[in-house]
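S.K.: Okay, here's the prediction I keep looking at, along with the sequence it came from:
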Amino acid sequence: ADFPYGSEFSWDTTGQEEVAVWGAYFNASVPGLGELNDRVCNAILAFDPLVPHWVYAGSAFGMGDFSNNAKWMVLSGWEREGGHYRAGLNSIPLIERYRRHPNDLHLLLTGMSGMLNVIPNIDSNGAPSMAFHTSPFVLDHDPNSGDHGLGFFGHSTNIGA
């Protein structure tokens, strides 16, 4: 397979950050397919939207994590998650690649969008939310933190904290 990596779930878009970072470190490549890091970053760019909306910018389409982590089980948990932790994780390889290619503004914008996408999930008291419910009859952050720490790891790694 051209992309033999990712999450344990076929619909998920997490796990790429580890493959990209190690691929860059070891310069892993497959003849005819190019460097592993480049392939991972290109895959992330294909599913991470760069749209002018705080819920979606840099956050790959994902449904399902509300079904096992959320307090509110809207639509049995199968609803679009805004600001999901995958945004912060997927921003790691994009920002790392941007540091090697500082003229590629698309990398910077998409990486920064994902990096910042997890920050609105922290409320005024400092409590994190796993994601934003995008169903029109909810439009609120879930009270459960879920895997927010992973997304914040992506944010803090990219800002150099």
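M.R.: Yes, it's here.
S.K.: And the one helix or strand Ala87 maps to, what's buried?
M.R.: When secondary structure is defined using DSSP states H and E, the element that contains Ala87 is helix 85-100. Using 16 or more other C-beta atoms under 10 Å as the burial criterion, the residues of helix 85-100 that qualify are 85-98. Backbone N, C-alpha and C define where each C-beta goes, glycine included.
S.K.: Point out the other helices and strands that that helix packs with.
M.R.: Contact analysis of helix 85-100 by 3 or more C-beta pairs under 8 Å, 6 or more residues apart in numbering; DSSP states H and E lists helix 16-26, helix 36-47, helix 105-117, helix 148-159 as its packing neighbours.
S.K.: quick one: it to chain centroid distance?
M.R.: Using C-alpha atoms, centre = their mean, to the nearest Å, the distance from the centre of helix 85-100 to the centre of the chain it belongs to is 8 Å.
S.K.: Give the partner strands of the helix or strand bottoming out on mean pLDDT in the chain in its sheet and their orientations.
M.R.: Within the chain, judged by mean pLDDT, DSSP states H and E, the helix or strand with the poorest mean is strand 29-30; its value is a mean of 74. Here strand 29-30 has these sheet partners by DSSP bridges: strand 34-35 (antiparallel).
S.K.: and Ala24, what does it touch?
M.R.: Glu35, Leu36, Asn37, Pro93, Glu96, Arg97 (C-beta atoms under 8 Å, 6 or more residues apart in numbering).
S.K.: Kindly recompute the last result at 6 Å.
M.R.: When the contact criterion is C-beta atoms under 6 Å, 6 or more residues apart in numbering, the partners of Ala24 are Asn37.
S.K.: i'd like the first residue to be 97 from this point on
M.R.: OK, 97 is where the count begins now, so the last one is Ala120.
S.K.: how deep is His149 tucked in, by neighbour count?
M.R.: Residues contacting His149 under the criterion other C-beta atoms under 10 Å number 10.
S.K.: Now do the contacts for the spatially most distant residue from the centre of the chain.
M.R.: Summary for the chain: using C-alpha atoms, centre = their mean, the residue whose C-alpha lies farthest from the chain's mean C-alpha position is Pro127, with a distance of 28.3 Å. Taking C-beta under 6 Å, 6+ apart as the contact definition, Pro127 lies against nothing.
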